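>>> sequence and predicted model, in that order:
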Amino acid sequence: MQRFLSLLLRTEAAMAVTAYSVTVGLLVADVISREVFSQAIWGAQKLAVFGAIIAGILGLTIAVAENAHLQASFASKMLPFRWAGRLGDLVSACLFAIMGYYAMIFVGETIHFDDRAEVINIPLWWVQIVFPYAFFAAALRHLAFAFYPALKPDSSTEH
């Protein structure tokens, strides 16, 4: 399980870095094109926004993997039981799974109605598919942390 979660984290991090790199590249190229040639690159700004959305939501999965996300630490003090952390991860897994389910419904409706991005006219679900993925990946990680607490990184360390 550790190996799988580690591979998943590296893949998500590479995808997030790629998405941010594409975003920066498009925006820099668009600015240079505007300044030098007085002509914008068609669709660059819209694609850059989509890249930032993808990288940002993948940041959720990376934060969960690194145990670096916001946490309700007051609950650990109120419930000083050894299993309180496991219970929290189990509740988080359920909440993320529910959000993943509704994100799938949302993407399904986008596909059904053939919603497309303005200006560049691509199907919106190509970008939206990252939402159910991220929610289900976060649910999977929390589930793994609940059943195998040794997999959960220490949240007290700085990254």
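The structure has been received and is ready for your questions. Residues are numbered from 1 along each chain as shown.

>>> low-scoring stretches of this structure, by residue?
70-83, 156-159 (pLDDT under 70).

>>> again, only using 50
159 (pLDDT under 50).

>>> what segments of it are helices?
Here the chain has its helices, by DSSP state H, at 2-37, 44-65, 73-78, 84-112, 125-128, 130-147.

>>> where's the nearest residue to Ala13 once chain neighbours are set aside relative to Ile54, distance?
Using CB to CB, 6 or more residues apart in numbering and skipping the chain neighbours, the partner closest in space to Ala13 is Ile62 (5.9 Å). Using the backbone N, CA and C atoms, a C-beta is placed for each residue, glycine as well. As judged by CB to CB, to the nearest Å, Ile62 and Ile54 stand 12 Å apart.

>>> list residues touching both of these two?
Ala16 (CB atoms under 8 Å, 6 or more residues apart in numbering).

>>> between those two, which one's more packed in?
Ile54 (25 against 20; other CB atoms under 10 Å).

>>> look up the closest residue to that one, ignoring the ones flanking it.
That would be Ala19: by CB to CB, 6+ apart, it lies 4.3 Å from Ile54.

>>> surely that neighbour touches Ala55?
Yes. Assessed by CB atoms under 8 Å, Ala19 is found in contact with Ala55 at 3.8 Å.

>>> distance of the residue nearest to Ala13 relative to Pro153?
12 Å.

>>> mind listing what Thr110 touches?
123-125, 128.

>>> what's the local residue count around Glu35?
8.

>>> switch to numbering from 40
I'll keep to 40 as the first residue from here, and by that count the last item is Glu74.

>>> now do the phi/psi pair for the residue nearest to Ser72 when sequence neighbours are not counted.
Spatially, and ignoring its direct neighbours in sequence, Ser72 is nearest to Ile80 (5.1 Å; CB to CB, 6+ apart). Main-chain torsions, Ile80, degrees, to the nearest 10: phi -90, psi 120.

>>> quick one: Ile80 from Val130, how far?
46 Å.

>>> compare the helices of the chain and give me the one nearest Val158.
Ranking the helices of the chain by their distance to Val158 (criterion: CB to CB) puts helix 83-104 first, at 5.0 Å.

>>> quick check: which helices or strands does that closest one pack against?
helix 41-76, helix 164-167, helix 169-186 (3 or more CB pairs under 8 Å, 6 or more residues apart in numbering; DSSP states H and E).
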